[in-house]
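Novice: need the 3D shape of this:
(chains A and B)
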Amino acid sequence: MILETISTILLLLGAFFGLTGAIGLFKFPDFFTRVHAASVTDSIAAILIISGLILRTDFDLVAAKLLFILIFLLLTSPTASHALAKSARHGGLLSLAETRANNQEASSTKEGNN
Amino acid sequence: MAEFIDLVLLGMLAITALGVIILKDLFAVVMLFGIYSFLSALIFVNLDAVDVAFTEAAVGAGISTVLMLGTLALTGRKEKVGSHTSWLPLVVVVITGGALIYGTLDMPAFGDPNNPIHQHVAPRYIEESPKEVGLPNMVTSVLASYRAFDTLGETAVVFAAAIGVLSLLGLPKPDRRAVESGLKSHLVLRVVAKLIIPLTILFALYVQFHGDYGPGGGFQAGVIAAAAVILYALVFGLPLATHVVQPTWLKVLAALGVLIYAGTGVASLFLGGSFLDYNVLASDPVAGQHIGIIVIELGVGITVFAAMLSIFYAFAGQAEGKNIQ
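Specialist: Next up, the predicted model:
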């Protein structure tokens, strides 16, 4: 009974973080902040949902399999986010702050010319 | 509840398909194809068809996406804008679609247990296969024993696809010049890939030999093992990968798998049964079935692994040659 309550709370929290990740993916202004939002879904939501599911098993082979899935996700998802962000960086994409700084610099030099 | 989930998933499937048609950026289209495959896999899970879902996720979302990306590396990522009008094709599609919908009106009601499909051979498989074949996973019994001839055909199709791609593109020659992979500097990727690749191969072996008891089998295992080597090639570079798994072996392996499968059939012929009748392979018919299924699943796994990997090598070798020039 207690386990079931904890599991429900974990599942709901996981769903909440999944939802915020999805909203962030749409609402955030540039690539890097969006990757950040998506990686929240990958990491914390996956941890919460899978541990919520493990609490609902009889702690047998199913729980072990879920644990393996969790370990695999924890290895791969942050790596995927990292690779995505790093290759964007490598390809010359600037973060929002840098773009703003560049724009300000460009406009100030323009004013200086005038 | 299950129907509601089905409806949501089918709706998302339709939206994804529309996205594939409308978008002109082929890179995004390939990603949408991956999403499409994952959605189909979810629908199959919802229909309790885990084996099919597994195959769809491994083949459709995994390997196909990589192979299509390999093609994009050769062709470029923008779709050409067609100049002709699209009215005639639209009319043809609308008429065909209308005829198909009209055709479904004659079909028996969805999910009715009295439908012909549930009355034809399915009851026999469900009732007799525990006695005749004795495998807990009935899908494997049907696929590898009752429908062994169809599965032989499927394996031959995979083999033929590999031959087709190889005769058009050719395999890359293993050369000792170390071409620097673009991902060499990614320390995190390399460390994680070293962790993941052995686990992936282990999982492929599990799927291969556990297919009699749970979802899985030769097709999925072959694709997963190929994915492990493809990951190695992506992170550490194609030349290194062609040293580890040499293209010349792959040609032999692809043919060997089909040979093992068909050879099992011929062996059962020589032992007095009919083609691919495993009952005669051992003194006990059920033990014979088990031996036959394990052997032919191994043949399927070897062929699928070699075919998928050699197709990837062919595309990646072309792309690498293009980069060097």
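
Novice: buried residues in stretch B:133-148, which are they?
Specialist: Under the neighbour-count criterion of 16 or more other Cβ atoms under 10 Å in any protein chain shown, stretch B:133-148 has B:133, B:135, B:137-148 buried. Every residue, glycine included, has its C-beta placed from N, CA and C.

Novice: now, which of the residues you listed sits nearest chain A?
Specialist: Distance to chain A, by Cβ to the nearest Cβ, is smallest for B:Asn137 among those, at 15.6 Å.

Novice: over to that closest one: give its phi and psi.
Specialist: phi -90, psi 100 (degrees, to the nearest 10).

Novice: looks like it contacts B:Ser145 (just checking).
Specialist: No. Counting by Cβ atoms under 8 Å, B:Asn137 does not reach B:Ser145; the two are 11.5 Å apart.

Novice: wait, does the helix or strand containing B:Val8 make contact with chain A?
Specialist: Using DSSP states H and E, the element containing B:Val8 is helix B:2-22. No. Using Cβ under 8 Å from any Cβ of the partner chain, helix B:2-22 never reaches chain A; the gap is at least 13.0 Å.

Novice: and if you look at stretch B:237-244?
Specialist: No. Stretch B:237-244 lies apart from chain A when judged by Cβ under 8 Å from any Cβ; the minimum separation is 15.7 Å.

Novice: how far off centre is that stretch?
Specialist: 23 Å (Cα atoms, centre = their mean, to the nearest Å).

Novice: show the average pLDDT along that stretch.
Specialist: For stretch B:237-244, the mean per-residue pLDDT is 84.

Novice: likewise for stretch A:42-56?
Specialist: 90.

Novice: go through it and flag the buried ones.
Specialist: A:42-55.

Novice: secondary structure and distance to chain B added to those residues, as JSON lines?
Specialist: As requested, the buried residues of stretch A:42-56 are arranged in JSON lines below (DSSP: H, G, I helix; E, B strand; the rest coil; distance: Cβ to the nearest Cβ, whole Å):
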{"residue": "A:Asp42", "secondary structure": "helix", "distance to chain B": "14"}
{"residue": "A:Ser43", "secondary structure": "helix", "distance to chain B": "14"}
{"residue": "A:Ile44", "secondary structure": "helix", "distance to chain B": "19"}
{"residue": "A:Ala45", "secondary structure": "helix", "distance to chain B": "17"}
{"residue": "A:Ala46", "secondary structure": "helix", "distance to chain B": "15"}
{"residue": "A:Ile47", "secondary structure": "helix", "distance to chain B": "18"}
{"residue": "A:Leu48", "secondary structure": "helix", "distance to chain B": "20"}
{"residue": "A:Ile49", "secondary structure": "helix", "distance to chain B": "15"}
{"residue": "A:Ile50", "secondary structure": "helix", "distance to chain B": "16"}
{"residue": "A:Ser51", "secondary structure": "helix", "distance to chain B": "21"}
{"residue": "A:Gly52", "secondary structure": "helix", "distance to chain B": "19"}
{"residue": "A:Leu53", "secondary structure": "helix", "distance to chain B": "15"}
{"residue": "A:Ile54", "secondary structure": "helix", "distance to chain B": "19"}
{"residue": "A:Leu55", "secondary structure": "helix", "distance to chain B": "22"}
